[in-house]
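**Q** coords please:
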Amino acid sequence: MANAAEKLHPGYVENLYRPIYELDAGHISLIAAGVMIAVGGMELSVSTGLAAGAGANAIRRYAQAMPMLRKQLRLFKNKMNLVSPVQLRKMNRAVATQNGKIEMGKGQIYLGEGFEWDTVCAQRAYQILDLSSDQQEIRLPWMLRPFQYYWRKEARKLGGRTWIQGMSEEKRIMANEDCWYGHTLITGNVGTGKTTLQKLLSLGAIHMGHIVIILDPKSDKSWRKSIKDEMAALGRENQFFEFDVSQPETSVYINPVENYQRITEVPDRIKNIFASTEYEDAFSNFGWQAVYQVCLALTYTNETLSLVKIYDGLTNGKFKLCERALERFFIEHIGPDWRVTRNGQLSKFKGNELERLMAYYESLVNAGEIERHETVTGIVQQVVHDQAHYSKMMAGLLPTFSNLCAEPLKTLLSSTDSDHKAQVNFGSLLESGGVLYVSSDAVSDMTTAGNISKLLLGSIVSEAARRYNYEQDDPRNVSLFIDEAHSSINDPLINLLATARGANFLLYIATQTVADLIAKSSPATAERILGLCNNFISMRVNDVTTKEAVSSNFGETNIKSTTISSQSQSSSATGLTEYSSGYGERVEKNREATFPQELLGDLPKLQFIARLSDGRKIKGRLGVITGEAA
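**A** Residues are numbered from 1 along each chain as shown. I've put the predicted structure just below:
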């Protein structure tokens, strides 16, 4: 093996996959020692002295061979990295105290086993890419070949190219809490380990004492069980809340429009569900204004906002809502007994009760007796608006409302019973702490699941803004996990990425490919998301766009290559013994991708590469949580 001085030589090129000649030399020395002992016996003599020298040389040669032998053996090994909950707590430094509780907030997360991918790893990878697909050129000692075949059989279960993880010596991968403040983007094909990674990260967030919110459209049972069991093991089972569209009988209730700082936030959240993220149009603006007027009227009549009430106020219920708003207005400006004192004036107007109230309101405004009220005028105008035009302009919004207000979502998203034991408010959650696991059942209805995630993100943005503007310094960290994030892209998500760091929000965004982000938004939006995430972790991906994005995060490096040339020349005009020949070797350096793009499509399951905000570029195997959270 080369020493440090040799490696610094400009012409040095590591040949990691050559035959291990040191083993052959060791075998010869060992045989020689045996022959000398057999000939000269064990009595002290020149023969025994030579045997001892040969034996020492054999030991030296074997010692020289072992580093390369270990490196070559790594190329054929790959198995699942199983970690128990108890082991995970210890590695994350969530240490049990004498009273059985868990000490939180030690500030690190275990990811798996791996190494930093550097120029040496890149050089080795480019070398092995020049070998055959099954690396037949690497000849292990005959006694290890049965193990080699067994390891290959085991490795095939995880797929991909086993040797990628063998480019360096593995060690435990830990990431400090500060590393995750810059937000994290996770990519990977279906079944390659995204959920396993998110499980590790979310358990680590719990161990660090974070408030954890998980938006999981697919409702991964393993992920949910791991979180629930861990909270129970930590003695915090009463702080675990589940929102599950597919199991409404056991689900908590969440009202995504009850918390806001400005009333305009509510129509913004609803508009973000159905409006384009790139541009606005007349229909979405009309819908925003209609929702805004209804919200103003509901709050004016002292009613808690909910999706069902807003939907009712946009359809047939707007007449009753307008009537209640006018009643309140007259009570405020004329008096509680206004019907008695003004009955004569009201009776002059014709029509039903609502028409009479609207006409009386307009007469008082025109007479200068009262000033026009923004909320009342707005809801009146909405009632008298041409119904045919109103229906046309609301054609894109009302079906969305209808979907979100049908059972079981009517109960799950529109409950206003603040005393209900199953009611969860984001403001209260961020104050008291805990874990909220949201399963929106995307398997049966991806569109509705995306709408739910967008609504909840809008509510979370409001609480982040409240924290940023009004709350005490250094509030508890909030780890927000968004799986299948491409279905949840809207302005609130972008705003969270751009500004939520100031409110101690840490976002983990998972999607299959960058192309999914582009398809659901735009190339510019996808680029912005990539730019706002300081950590980029990827499992196996196949599409070119994602490969380019991941590989570019590793940059380029100088890769050495050896060019060999040989020539011979003779001429019929000269004698038979007159000829010329030449041989030459030239070492060149070329700038190549540090992590070749083609390897991203060959990563085995549960393996990843990562660029972290602390400057590390890592190749690793995920830790797979197994067993009960004892």
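
**Q** what about Asp118, how many residues nearby?
**A** 15 (other CB atoms under 10 Å). Bear in mind the C-beta positions are built from the backbone N, C-alpha and C, glycine included.

**Q** Glu369 now?
**A** Glu369, neighbours per other CB under 10 Å, totals 10.

**Q** ok, it - contacts?
**A** Residues near Glu369 by CB atoms under 8 Å, 6 or more residues apart in numbering: none.

**Q** how much space between it and Asp483?
**A** 58 Å (CB to CB, to the nearest Å).

**Q** how about Arg152?
**A** In terms of CB to CB, Arg152 sits 33 Å off from Asp483.

**Q** so for these two, which residue has more residues nearby?
**A** Asp483 (26 against 16).

**Q** so that one touches Ala510, yeah?
**A** Yes: using CB atoms under 8 Å as the test, Asp483 is close enough to Ala510 to be in contact (4.8 Å).

**Q** so for these two, which residues contact both of them?
**A** By the contact definition CB under 8 Å, 6+ apart, Asp483 and Ala510 are jointly contacted by Lys194, Gln198.

**Q** distance of Ala51 relative to His27?
**A** Computed as CB to CB, the Ala51 to His27 distance reads 15 Å.

**Q** who's more crowded, those two?
**A** Ala51 (22 against 15).

**Q** show the pLDDT at that one.
**A** On pLDDT, Ala51 comes in at 83.

**Q** Glu6 now?
**A** Predicted confidence (pLDDT) for Glu6: 54.

**Q** same question, Pro492
**A** Pro492 is given a pLDDT of 81.

**Q** next one: Ile31
**A** Predicted confidence (pLDDT) at Ile31: the value is 87.

**Q** secondary structure element holding it?
**A** helix 21-40 (DSSP states H and E).

**Q** what helices and strands are in contact with that helix?
**A** Helix 21-40 sits against helix 46-74, with contacts defined as 3 or more CB pairs under 8 Å, 6 or more residues apart in numbering; DSSP states H and E.

**Q** report the buried residues of the helix it packs on.
**A** For helix 46-74, burial by neighbour count (16 or more other CB atoms under 10 Å) applies to 47-48, 50-51, 54-55, 57-58, 61-62, 64-65, 68-69, 71-74.

**Q** repeat for stretch 232-252
**A** Ala233, Leu234, Arg236, Gln239, Phe240, Phe241, Glu242, Phe243, Asp244, Val245, Ser251, Val252.

**Q** going on from the helix or strand where Leu185 lies, what's the next piece of helix or strand?
**A** Element membership for Leu185 (DSSP H and E) is strand 184-187. Next in sequence after strand 184-187, counting helices and strands by DSSP H and E, comes helix 194-207.

**Q** list the beta-bridge partners for Ser479.
**A** Note on Ser479: beta-bridge partners by DSSP bridges are Val212, Leu506.

**Q** could we number from 899 for the rest of this?
**A** Happy to do that; since the first residue is 899 now, the last one works out to Ser1377.

**Q** could I get the buried residue list for stretch 1245-1259?
**A** Buried residues in stretch 1245-1259, defined by neighbour count with 16+ other CB under 10 Å: Arg1254, Leu1255, Met1256, Tyr1258, Tyr1259.

**Q** quick check, Ile1507 in a strand?
**A** Yes: according to DSSP: H, G, I helix; E, B strand; the rest coil, Ile1507 belongs to a strand.

**Q** chain center to stretch 968-976, what's the gap?
**A** 30 Å (CA atoms, centre = their mean, to the nearest Å).

**Q** straight-line length of it, end to end?
**A** 14 Å (CA to CA, to the nearest Å).

**Q** so what touches that stretch?
**A** By CB under 8 Å, 6+ apart, stretch 968-976 touches 914-915, 918, 1026, 1033, 1036, 1038, 1042, 1046, 1049-1050, 1052-1053, 1056, 1060-1061, 1063-1064, 1067, 1502, 1505, 1519.

**Q** weed out the non-buried ones from those.
**A** Buried among the contacts of stretch 968-976 (16+ other CB under 10 Å): 914-915, 918, 1026, 1033, 1036, 1038, 1046, 1049-1050, 1053, 1056, 1060-1061, 1063-1064, 1502, 1505, 1519.

**Q** which of the residues you listed fall in strands?
**A** Gln1505, Arg1519 (DSSP state E).

**Q** quick one: end-to-end distance for stretch 1257-1272.
**A** Stretch 1257-1272 stretches 16 Å from its first residue to its last (CA to CA).

**Q** buried residues in that stretch?
**A** Across stretch 1257-1272, burial judged by 16+ other CB under 10 Å covers Tyr1258, Tyr1259, Leu1262, His1271.
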